[in-house]
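Participant: Build me a structure from this.
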Amino acid sequence: MTRPSIHQVPDGSRLLALERRARQDGTGLERADLIGSWRLEQVWSRGRQRPALVSAALLRGLAARLQLFPEASEGGLVLINSVCFGGLELRFLGRGRLQGRRPLLMFGFDRVQVRLAGRVLIDRSLSPPAPRRMPFFALIGTARPAASAPVEPPGWLAARGRGGGLALWCLEAPGPEET
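Facilitator: The predicted structure follows:
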């Protein structure tokens, strides 16, 4: 399958076209395509053609980030979803796996942490969601710069969440090499 070009981070209309293609043909994405630290760049509310500018600006201001690491066993992923306010960080930690042809990134968070300047202040377990309420991202596409490419253009990742919103992240840092 041909991956989307990274010559430019896609806008809303391009993402919707990619989503239609992903629904029909799948994305061909694999775990290694998702590994890294992704900074939230843009969001679209369910059923909207235009980005939610205020929400996106707020989330960018809070340094909203999705980090995906390979899980040592079973081919899964470790997820950290976080926001920061100065030196204070709220982190949700959990595990996920790719499922299906598109695929879906099924995940659940089992811990929440509050950290100050990297030091854990609060660390609590979370109850797992009911199986029918598991959160997921329906993956739309991703593109990563080649190792030899300059920093620009950035890599990107796009997905639609369980609630119907669309999110676009830009690659902040590639993850460790998969073993």
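Participant: Could you report the neighbour count for F69?
Facilitator: Neighbour count of F69, defined by other CB atoms under 10 Å: 17. Bear in mind the C-beta positions are built from the backbone N, C-alpha and C, glycine included.
Participant: Regarding it, what is its secondary structure?
Facilitator: strand (DSSP: H, G, I helix; E, B strand; the rest coil).
Participant: who touches it in this structure?
Facilitator: I35, L77, V78, I80, G175, P176 (CB atoms under 8 Å, 6 or more residues apart in numbering).
Participant: Filter those down to the buried ones.
Facilitator: Applying a neighbour-count criterion of 16 or more other CB atoms under 10 Å, the buried members of the contacts of F69 are I35, L77, V78, I80, G175.
Participant: In strands only, show me these.
Facilitator: L77, V78, I80 (DSSP state E).
Participant: ok, now how distant is the nearest residue to the second one once chain neighbours are set aside from E19?
Facilitator: Read that as V78. Nearest residue to V78, sequence neighbours excluded (CB to CB, 6 or more residues apart in numbering): F69, at 4.4 Å. Distance of F69 to E19, given as CB to CB, to the nearest Å: 26 Å.
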